[in-house]
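Colleague: Give the three-dimensional model of this entry:
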Amino acid sequence: MALNDVKKEEGSIAQQFVQFALDSGVLRFGQFKTKAGRMSPYFFNAGLFDDGAKLARLAEFYADRLIASGLEFDMIFGPAYKGIPLGATVAAELARRGRNIPFAYNRKEAKDHGEGGTLVGAQLKGRVLIVDDVMSAGTAVRESIAAIRAAGATPHAVAIALDRQEKATENGVDVDHSAVQYVRKQLGMQVVAIATLDDLLQYLNSRADDALQEHKEAVLAYRARYGAA
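Modeller: Residues are numbered from 1 along each chain as shown. Reported below is the predicted structural model:
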């Protein structure tokens with residue numbers, strides 16, 4: 001597939017995903033306080049993909065985006081807690097498409113009976129893809145990387161639903177890079193996002209709805225203040 005065709009396909013996937021997230025009530029507009037203490041004009045809550053149909057459709061979007069990216073990996077890791085159902089459904093969707101790969105996840109606390117430990121599922125090995133919803137401070141990714149390396153495998157890439165493309169905070173202070181940029185540049189890992197803030201703005205630009213246009217101005221102002229270069 002030619003590069004321009006790949007970009008068109010990725011753009012189409014992103015626009016469809018934004019519509020799906022809005023229809024599902026996962027993406028909402030208003031005033032929402034983020035973990036960093038910022039007042040954001042939009043909020044993305046993957047926990048509201050809360051039934052079988054929504055989860056199945058979400059897994060299709062992850063699979064579509066991963067396939068379009070051409071990313072190669074040997075297994076999937078879902079970090080507790082939201083990453084567990086996400087990683088499991090993505091693994092199931094890839095298997096449905098003929099690519100059956102191992103899946104594992106972690107517990108927050110070690111189990112002291114049965115098999116014990118904090119890791120569950122397939123043995124971690126090879127190039128591992130971490131699947132999660134969003135990446136704010138990158139804490140979950142760092143913890144996942146440590147667990148994967150400790151098991152003797154290679155943390156290879158991260159797949160997320162939405163890249164907010166905004167500055168991360170360190171010790172309560174804004175920094176110039178986003179968590180995604182940090183993972184890419186400092187940790188040397190690939191990051192695949194189904195959609196980005198740019199895709200959300202493109203979606204808002206393509207709609208004539210007056211209410212959506214008001215939201216667009218608020219999102220643009222937020223990006224001007226907190227957007228990562």
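
Colleague: any chance you could map the helices in the chain?
Modeller: Using DSSP state H, the helices of the chain run over 3-23, 52-69, 83-96, 139-150, 179-185, 197-205, 210-226.

Colleague: Which among these is found nearest to Met75?
Modeller: helix 83-96 (8.5 Å; CB to CB). C-betas here are computed from N, CA, C, even on glycine.

Colleague: what ranges of this protein fall below the confidence cut-off?
Modeller: 1-10, 110-116, 229 (pLDDT under 70).

Colleague: go with 50
Modeller: 1-3, 113-114 (pLDDT under 50).

Colleague: Columns mean neighbour count and distance to Arg164 on top of the helices of the chain, output as a markdown table?
Modeller: Shown next, in a markdown table, are the helices of the chain (neighbours: other CB atoms under 10 Å; distance: least, CB to CB, whole Å):
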| stretch | mean neighbour count | distance to Arg164 |
| --- | --- | --- |
| helix 3-23 | 16 | 13 |
| helix 52-69 | 18 | 16 |
| helix 83-96 | 21 | 17 |
| helix 139-150 | 18 | 14 |
| helix 179-185 | 20 | 8 |
| helix 197-205 | 18 | 6 |
| helix 210-226 | 14 | 9 |
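
Colleague: number of nearby residues for Gly30?
Modeller: 11 (other CB atoms under 10 Å).

Colleague: Distance of it relative to Met39?
Modeller: Using CB to CB, to the nearest Å, Gly30 is found at 10 Å from Met39.

Colleague: What of Ile84?
Modeller: Taking CB to CB, one finds Ile84 at 30 Å from Met39.
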